[in-house]
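Student: need a 3D model of the following:
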Amino acid sequence: MYPLCKECFKLKDEGKVLKCEECGTWYLAGEGCPNCKPAKTELQETNSNTDELTCIICGKPSNGKHLCLNCYHKCKNKSILLKIDKCQFPAIILDESYEGVFPCLDGHIVKSMAEQTIDNYLCRHAIFHGYELPLAIGIGKEPLKPDFCLKNYLGEGKDVYIEYFGMEGDPEYDKKTAYKMPIYREKGITLICLYRKEDGHNLEFALDQKLDKANIEEGKIHYEKK
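Tutor: Numbering: from 1, shown residues only. Predicted structure coming up:
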C-alpha cells in the first residue's frame with residue numbers, strides 16, 4: 001500500500017507535498033505538518049519581513065515600503081546618500097555638503113556631489129583647472145584652499161577662482177567664510193561665488209552665466225552675498 005496517491009506523488013515531485021522529518025506525516029507545502037508545530041514558509045517570512053519594514057531614513061513605519069510617505073515626497077526627485085550608524089535608524093541624509101570621495105571625469109577626487117558637478121562641467125568645457133590648490137596669503141599663515149582655480153582663464157596669467165558655499169548656515173562654516181572673504185578682497189583675487197540655495201538646483205546653468213568672461217572683472221569678487 002502506497003502512502004501517497006498518484007496525484008500526490010506528482011505533487012511531491014513538484015515540491016508541493018512534503019514529509020515531516022519529525023513524525024513522518026505528509027502535508028501540503030506552506031501549511032506545515034498538522035501534527036507538529038507549523039513552520040513558516042519562505043514566502044510567509046518574506047511577507048512578514050516586508051510588513052515590518054520601516055522607513056530607511058526616519059525609521060518610522062512605512063507600510064512595507066523602504067520610505068515612508070513623508071520621506072518619499074522629500075526625496076523622490078533626489079539622489080541620496082545615507083549614513084547609517086551601527087545599522088540603526090534614523091539614518092543621516094548626506095547632501096551635497098557631505099565630504100566624501102567623488103571621482104570626476106578628469107580624475108580629480110572631490111568631496112561633494114556639487115563639486116563633482118562643477119569639476120565635470122569644467123572638464124567637458126575644456127577649462128583648465130585645479131582643485132583646492134593652496135593659495136598663499138602671507139608668511140606664517142596657513143594657505144587658503146579655494147574650491148577651484150581656473151588657471152589663466154582671463155589670459156595673460158590671470159587666474160579665476162571658484163568657491164561653492166555648500167554649507168551656508170552652519171556656524172563653523174560661516175565663520176570660515178567670514179575669515180576668507182576679506183582676504184580674497186585684500187589680495188585682489190578674482191573670485192566667482194556659487195551658493196547651494198541659489199545655484200545648487202542647476203549648477204551647470206549657473207556656471208554658464210557666471211563664467212562668461214565678458215562679465216568677469218579682474219581682481220573682483222563676483223556674486224558675493226552682502
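Student: okay, now the nearest residue to residue 153 once chain neighbours are set aside: neighbour count?
Tutor: Ranked by CB to CB, 6 or more residues apart in numbering and with sequence neighbours excluded, the top spatial neighbour of residue 153 is residue 160, at 4.1 Å. Where C-beta positions appear, they are placed from N, C-alpha and C, glycine not excepted. Around residue 160 there are 23 other residues, counting by other CB atoms under 10 Å.
Student: what sits opposite residue 160 in the beta ladder?
Tutor: Going by DSSP bridges, residue 160 is paired in beta bridges with residue 150.
Student: show the contacting residues for it.
Tutor: Applying CB atoms under 8 Å, 6 or more residues apart in numbering, we find residue 160 in contact with 149-150, 153-154, 190-192, 211, 216.
Student: now with 6 Å?
Tutor: 150, 153, 190 (CB atoms under 6 Å, 6 or more residues apart in numbering).
Student: in contact with the first one, which residues?
Tutor: Read it as residue 150. 127, 129, 160.
Student: confidence score at the nearest residue to residue 132 once chain neighbours are set aside?
Tutor: Nearest residue to residue 132, sequence neighbours excluded (CB to CB, 6+ apart): residue 145, at 4.3 Å. Looking at residue 145, its pLDDT stands at 95.
Student: isn't residue 145 right next to residue 131, touching?
Tutor: No. Residue 145 lies out of contact with residue 131 (CB atoms under 6 Å); the separation is 9.0 Å.
Student: which of those two has more residues huddled nearby?
Tutor: residue 131 (19 against 13).
Student: I'd guessed that one sits against residue 109; true?
Tutor: No. Residue 131 lies out of contact with residue 109 (CB under 6 Å); the separation is 8.1 Å.
Student: state the distance from residue 142 to residue 157.
Tutor: 25 Å (CB to CB, to the nearest Å).
Student: ditto for residue 200
Tutor: 32 Å.
Student: please apply the same query to residue 168.
Tutor: For residue 168, the distance to residue 157 - CB to CB - is 32 Å.
Student: what of residue 16?
Tutor: Following CB to CB, the distance that separates residue 16 from residue 157 is 80 Å.
Student: who has more neighbours out of those two?
Tutor: Comparing residue 16 with residue 157 by neighbour count (other CB under 10 Å), the higher total belongs to residue 16, at 12 against 7.
Student: residues contacting that one?
Tutor: residue 29.
Student: before we move on, back to that, going by distance to residue 32, which of the contacts of residue 160 wins?
Tutor: residue 150 (70.0 Å; CB to CB).
Student: quick check: the closest one vs residue 29, distance?
Tutor: Taking CB to CB, one finds residue 150 at 67 Å from residue 29.
Student: cool, and residue 223?
Tutor: Distance of residue 223 to residue 29, given as CB to CB: 68 Å.
Student: equivalent analysis for residue 15, please.
Tutor: From residue 15 to residue 29 the distance is 6 Å (CB to CB).
Student: next, count neighbours for residue 119.
Tutor: So residue 119, with other CB under 10 Å, has 23 neighbours.
Student: how about residue 223?
Tutor: 16.
Student: which non-adjacent residue is nearest it?
Tutor: What sits nearest to residue 223 in space, not counting adjacent residues and going by CB to CB, 6+ apart, is residue 193, at 4.5 Å.
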